[in-house]
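K.L.:
got a predicted model here, sequence first, then my questions.
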Amino acid sequence: MSIAWSDNSPIYRQLKERVVGMMLDGVLKPGDALPSVRQIAAEYQLNPITVSRAYQELADEALVEKRRGLGMYVTEGAPVKLLASERERFLSDEWPAMVERIRRLGLNMEQLLKAANDGGAK
C-alpha cells in the first residue's frame, strides 16, 4: 500500500491523521497494537523520528499508550474521545465554510439531499 504525502502539512501530522482515521473507521480498535516505528518508517520510506513524532502526539492525546518493551496500543476510550473531538472540529472549523459555500452557490436542502442520495451532484 502506498501513501501520497501532501505538501500542505507536515508528514508526521498526515501520518497521525491516517492513524486517527483508522481508529474512527474501526480498523484499529481499543487494545490493538500500532505497527512499530521501524516498520512504518521502512514501509513508507520515512525518517523514524517523523513516525515517532506522530505516535508521540497520539500518546500525548491519550489515544494510544506505550507499553514498555511491547510498543504502542490503542487506548480503551480512544474511539469515543476521537469521535467527540472530530465532530466538534468539523462543526467549528469545516462546517461554517461549507455552509457559506452552499449559500454562495444558491443550493437548497432538497438539492443537497438528492445529491447525497444519488452519490454526487447530477
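P.N.:
Yep, it's here. Numbers count the residues shown, from 1 in each chain.

K.L.:
please count neighbours and contacts with C-alpha atoms only from this point.
P.N.:
OK.

K.L.:
show me where the protein has strands.
P.N.:
All strands of the chain, identified by DSSP state E, fall at 64-67, 71-74.

K.L.:
okay, now the domains of this protein?
P.N.:
Following the assignment in automatic domain parsing, the chain carries domains at 11-75, 79-118.

K.L.:
report the mean confidence score over the longest one.
P.N.:
Throughout domain 11-75, pLDDT has a mean value of 95.

K.L.:
ok so, going back, now the domains of the chain in JSON lines, with mean neighbour count and distance to W5?
P.N.:
Output for those, formatted as JSON lines (neighbours: other CA atoms under 10 Å; distance: least, CA to CA, whole Å):
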{"stretch": "domain 11-75", "mean neighbour count": "16", "distance to W5": "7"}
{"stretch": "domain 79-118", "mean neighbour count": "12", "distance to W5": "21"}
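
K.L.:
export those to a markdown table and tack on distance to I3?
P.N.:
Listed next are the domains of the chain as a markdown table, based on distance: least, CA to CA, whole Å:
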| stretch | distance to I3 |
| --- | --- |
| domain 11-75 | 7 |
| domain 79-118 | 22 |
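
K.L.:
just the pLDDT at the most far-flung residue of the chain relative to its centre, thanks.
P.N.:
The centre of the chain is farthest from one residue, G106, which by CA atoms, centre = their mean lies 30.9 Å away. Per-residue confidence (pLDDT) for G106: 95.
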